[in-house]
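Novice: For reference, the sequence and a predicted model appear below.
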Amino acid sequence: MMATSDHVDAALARLRAGNARFVAGTAGAGMLAAVSRRAEVAAAQRPFAIVLGCSDSRVPVEIVFDQGIGDLFVIRVAGNVVAPSLVGSVEFAAAQFGTRLVVVLGHTGCGAVQATLEQMHQPAGLQSPNLRSIVERIRPALEPLVAGPVPDGEDLVQRAVLANVRASVRQLCHGSRIIEALIDADGLRVVGAVYGLGSGVVQWLDDQP
């Protein structure tokens, strides 16, 4: 029987291979299998990875990783922030389906991250408390970036995107007793990644919290 760490490594390899097909323009295996897979997963699902990603319309997770119906448990929210309901969704999938790989997927040019930087630089009243809750969840990860000499333009946004992904990974790893227990005792792994809007390439962040 394959060890949990081997299962996680295999799941990561499957995502890497799917993204490589997408970048090369040879993607489609997941979509082509949709008809047969629909009947196969109708009664039960067993996704091999959980992905917490941004809601941006340019980052359709299954397409980016060339996966089909039933392969990924996808949770999407602006700025790939970690809020209680999203943590609960990860807990549910990990406990219910035995999925042991969780990916936090940010992307270049993230509008939610840019909006947070703008609010930090020149505060303005946000009309919606719901929008404010997203900005306030991103803000703590970005504060160290603007505390000293501030990089300009795109460099700052890219650093902020990376910082936000890493913060979400930390929050998942250390903000839930259920997830912490699965990490410690059952090999669950939470990794960060950033999707390049222009290149289509997913950059994997090897550093762990």
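Specialist: Good, I have the coordinates.
Novice: Name the SS class of the residue nearest to Gly53 when sequence neighbours are not counted, please.
Specialist: Once flanking residues are discounted, Gly53 sits nearest to Leu105: 4.0 Å by Cβ to Cβ, 6 or more residues apart in numbering. C-beta coordinates here come from the backbone N, C-alpha and C atoms, glycine included. Under DSSP: H, G, I helix; E, B strand; the rest coil, the three-state class of Leu105 is strand.
Novice: bridging residues for Leu105?
Specialist: Beta-bridge partners for Leu105, by DSSP bridges, are Gly53, Ala193.
Novice: Could you measure from it over to Gly175?
Specialist: Per Cβ to Cβ, to the nearest Å, Leu105 is found 18 Å from Gly175.
Novice: Kindly report the same for Glu91.
Specialist: 11 Å.
Novice: neighbour-wise, which of the two wins?
Specialist: The neighbour comparison of Glu91 against Gly175 (other Cβ atoms under 10 Å) goes to Glu91, with 17 against 13.
Novice: For the chain, which segments count as strands?
Specialist: Here the chain has its strands, by DSSP state E, at 49-53, 72-76, 101-107, 189-195, 202-205.
Novice: Between these, which one is closest to Ala43.
Specialist: strand 72-76 (16.5 Å; Cβ to Cβ).
Novice: which secondary structure elements does the closest one contact?
Specialist: strand 49-53, helix 61-64, helix 84-97 (3 or more Cβ pairs under 8 Å, 6 or more residues apart in numbering; DSSP states H and E).
Novice: pLDDT on that strand, on average?
Specialist: Regarding strand 72-76, the rounded mean pLDDT is 98.
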